[in-house]
Each structure stands twice: as C-alpha cells, then as structure tokens.
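A.B. asks: Have a look; sequence and predicted model below, questions after that.
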Amino acid sequence: MVTAGIRILVLLGMVFLGGTAQAQLVREGKITYERRTNVWKMFDDDRFRQMIGEKNKIKTEEFSLYFNDTVSLFSYITPEQPDPQSWMTLKNTVYNKFNEHMRFVYMDMMGNSMTIGDSLIKHTWKITDKTRKIAGYECTRVIWQKDDSTRIYAWYTTDIIATVGPENIQGLPGAVLGLATEDGSMVYFAKKVDLMTPTPEQVAQPKKKGKQTTEAELIADLTEKLKGQPMGDRIITGLFFW
C-alpha cells in the first residue's frame, strides 16, 4: 500500500510539475531554424534563373534564436564550408529589447552595412483552429494579411511563453516555430529547441553596423539611391519584408 501511494504521488508530481519538456512553460532558451528559400520565386527573371540553374533554386540555411524574458537575438549560422552562392539571400541579424519595445536590425547589402533602430513591429494576426507539431511542440496556425496580395502564415506554441520568432516576428502569445509565405518562396521551421539559460554573450546586443537610422529613413534613402535600377523595388521589398 505504501509503494502504491508513492507511485500515485510521483504520477501527480509529473502532472503538476511537468513530466516532459513540452509540459513546462519555457521562458528562455535557443531555437534553431532551417530556412528554405526558393530564389526562382523571389526573383522571377529569366536571365537570373538561367544563371542560377534549376538545381540551385532552393537554398537551405540555418539561423539561431537565443532568448529570455527581456531580449532575443536572431542571427545566421555560418556553415563550416563556405557557400559561394551566399549572396543570393539576405541574412539580417535582429535584436529585440522587449522591455524597451525596441528592435535593432543589422543588414549587409552589396558590401554596405546598415543598422535600423526602431520600435517593435506590431503585426495583425488572425488565429485559426489549425494546428501542427513542430520540433515536438503543438503549434497553432495564424495568418497575417501583409497586403492585398500577400499572406504570411505562422505557427506558434504557448508552451514557450516568450513572445519571440524569426526575423521581426514577435508579439504572439508564444514562440513562433514556423513561418512561411503563402507561395512557399520562403519558409522557416524550427529544427530543435534547446532548454537552456543563454549566457550574457549569447544575448548581447551586436555592435552597430554603419549609420543607425529608423526603418522609414532607410527606405527613403534606398528608394532614392536605387531609383531606376532594374531590381530596385524588389531589393527594398526583400529587405523589409517581415
């Protein structure tokens, strides 16, 4: 009887304290994302497609997201082997300060370094009843109608209560583990979630690159500089897509 009583207490403890990682409410850790980009869809130019070739139209890259209650750092994971076609995709670093409602985006474009210092972006999401498992976590699908012709899908989990995600995506009631454009031209999915306490170095704010501006100021500056360029509008759209 005593043994049976102990077993019951252990089972109750597992229920209330969380017998699995997913049962615990995660406030800090590291998320590793895989990003798949269809560069043919991003740049529908026949000459560009011929230069890249069909076998290279899908680029797969990895990003890390370290986070805690107050900050998050999203950045590109440099592969061990150099990627000769790395230039085809943008790899922004995004640092969020949640208590100050600020974001800092560090960009490199054609050899030019730029830093945005601005307020956090507020996206308007429509919550659906569709769910899927990502990296072992049950996630709810939401939709952001970016403009008249562009829909963005995201999947978030309330088991990770930090309001974080890839790129500039944040503000949902849990961490975003999946993010995709409607046409599949760019897709992020979490490969794994590490339950750990980031070191001060892992969540330190990166040093400023170039001149710091607001997003509106940088868009105005680039619009003027890229005026008349064949792919100027596409470059600007890509830089500020999320």
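C.D. replies: In hand now; what should we look at? Note that the structure is predicted; figures quoted are calculated from it, not measured.
A.B. asks: Once you drop chain neighbours, what's closest to the residue positioned nearest the centre of the chain?
C.D. replies: Ranked by distance to the mean C-alpha position of the chain (CA atoms, centre = their mean), the top residue is Pro166 at 0.9 Å. In space, and not counting its chain neighbours, Pro166 is closest to Tyr188: 4.7 Å by CB to CB, 6 or more residues apart in numbering. In short, each C-beta sits where N, CA and C put it, glycine included.
A.B. asks: for Leu172, same thing?
C.D. replies: Leaving aside its sequence neighbours, Leu172 sits nearest to Tyr156 (CB to CB, 6+ apart; 4.5 Å).
A.B. asks: all strands for this protein, in order.
C.D. replies: 29-38, 58-67, 71-76, 93-97, 102-109, 112-119, 125-134, 137-147, 150-157, 175-181, 186-194, 212-213 (DSSP state E).
A.B. asks: Throw the ones you listed into a markdown table and include mean neighbour count, thanks.
C.D. replies: Shown next, in a markdown table, are the strands of the chain (neighbours: other CB atoms under 10 Å):
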| stretch | mean neighbour count |
| --- | --- |
| strand 29-38 | 19 |
| strand 58-67 | 18 |
| strand 71-76 | 20 |
| strand 93-97 | 20 |
| strand 102-109 | 18 |
| strand 112-119 | 16 |
| strand 125-134 | 12 |
| strand 137-147 | 17 |
| strand 150-157 | 21 |
| strand 175-181 | 24 |
| strand 186-194 | 18 |
| strand 212-213 | 16 |
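A.B. asks: of the ones you listed, which approaches Met231 most closely?
C.D. replies: strand 102-109 (12.0 Å; CB to CB).
A.B. asks: Would you give the sheet partners of the closest one, along with the direction of each?
C.D. replies: Applying DSSP bridges, strand 102-109 is found paired with strand 93-97 (antiparallel), strand 112-119 (antiparallel).
A.B. asks: re the thing from before, retrieve the pLDDT associated with the residue nearest to Leu172.
C.D. replies: Per-residue pLDDT puts Tyr156 at 98.
A.B. asks: do Thr37 as well
C.D. replies: Confidence score, pLDDT, at Thr37: 94.
A.B. asks: Surely it touches Ser185?
C.D. replies: Yes - if you go by CB atoms under 8 Å, Thr37 and Ser185 touch, sitting 6.9 Å apart.
A.B. asks: I'd say Gln170 and Trp125 touch.
C.D. replies: No - under the criterion of CB under 8 Å, Gln170 makes no contact with Trp125, lying 11.3 Å away.
A.B. asks: still on that earlier bit, now for the residue nearest to Leu172: which residues touch it?
C.D. replies: Residues near Tyr156 by CB atoms under 8 Å, 6 or more residues apart in numbering: 139-140, 142, 165, 172-177.
A.B. asks: repeat that with 7 Å
C.D. replies: Contact analysis of Tyr156 by CB atoms under 7 Å, 6 or more residues apart in numbering lists 139-140, 142, 172, 174-177.
A.B. asks: Mind putting those residues into CSV with distance to Ala220 and pLDDT?
C.D. replies: Below are those laid out as CSV (distance: CB to CB, whole Å; pLDDT from 0 to 100):
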residue, distance to Ala220, pLDDT
Cys139, 37, 98
Thr140, 37, 98
Val142, 31, 98
Leu172, 30, 97
Gly174, 35, 97
Ala175, 33, 98
Val176, 29, 98
Leu177, 34, 98
